[in-house]
Structure formats: structure tokens, C-alpha cells
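Provided below are the primary sequence and the corresponding predicted coordinates.
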Amino acid sequence: MFLFLRLLLAHCLGDFPLQVDEVVRRKRAGFSGQLLHGVIIASMYLVCAAPFCAHRSLWGLIAGLSAFHVALDWAKVRLEARIG
């Protein structure tokens with residue numbers, strides 16, 4: 001449960017205070033901006049989950065969560081562009 005709360009904190013930090021206007025603009029402009037945001041999210045996951053980094057499965061979890069986050073952002077930007 002403690003790891004889950006740390007990952008939730010990392011997600012909230014990466015999605016709100018660290019997603020400045022420039023990152024949002026880049027996300028809407030292209031996939032490289034979405035990757036930038038994914039790197040920010042992954043970095044926050046690593047920082048917040050640092051005490052658990054000895055567990056090898058954590059690295060896969062962080063990679064999977066970060067890739068899923070990028071995929072969701074990509075889909076959201078595409079849907080917003082299509083809707084108008």
C-alpha cells in the first residue's frame with residue numbers, strides 16, 4: 001500500500017505542478033512532447049519509489065506505467081483534435 005501511495009503522489013506531482021504550460025503546448029504539438037511528459041512522469045516515479053528500487057519488478061512497473069501514461073496522453077490529444 002505504501003508503494004501505491006508513493007506512485008500516486010509521483011503521478012500527481014508529474015501531472016499537475018510539473019506539467020507547465022510549455023509541456024502542455026509541446027504535448028499538443030506532437031509525440032515528442034508526449035514523450036517529454038512521459039520522461040517527467042517516469043522521473044517522478046523513480047524519485048518517489050527510490051526506497052523500493054532494490055526490487056527488480058519495480059523497474060518493469062515504472063516502465064509500464066510510464067508507457068501507459070504516454071499512450072493515454074497520445075490518445076487524449078488525438079481525440080481532442082478530432083472533436084475540435
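Happy to help now that I have it.

quick check: closest non-adjacent residue to R26.
Counting by Cβ to Cβ, 6 or more residues apart in numbering, R26 lies nearest to G33, which is 2.8 Å off, once chain neighbours are set aside. Every C-beta, even on glycine, is put in place using the N, C-alpha and C of the backbone.

count of residues packed around that neighbour?
For G33, the count of nearby residues is 18 (other Cβ atoms under 10 Å).

any idea which helix or strand carries it?
helix 31-48 (DSSP states H and E).

so which elements touch the helix or strand following that helix?
Sequence order places helix 56-83 as the next helix or strand after helix 31-48, per DSSP H and E. In terms of contacts (3 or more Cβ pairs under 8 Å, 6 or more residues apart in numbering; DSSP states H and E), helix 56-83 is packed against helix 2-15, helix 21-29, helix 31-48.

so which of those is the most surrounded?
Ranked by mean neighbour count, the helices and strands packed on helix 56-83 are led by helix 31-48 with a mean of 18 (mean count of other Cβ atoms under 10 Å).

so how far is A50 from the residue nearest to R26?
Relative to A50, G33 is positioned 27 Å away (Cβ to Cβ, to the nearest Å).

same deal with A10?
Distance, A10 to A50, by Cβ to Cβ: 10 Å.

ok, now A81?
For A81, the distance to A50 equals 37 Å [Cβ to Cβ].

need the pLDDT of the nearest residue to A63 once chain neighbours are set aside.
With Cβ to Cβ, 6+ apart as the criterion, A63 has its nearest non-adjacent residue at 7.6 Å, and that residue is A42. Listed pLDDT for A42 reads 97.
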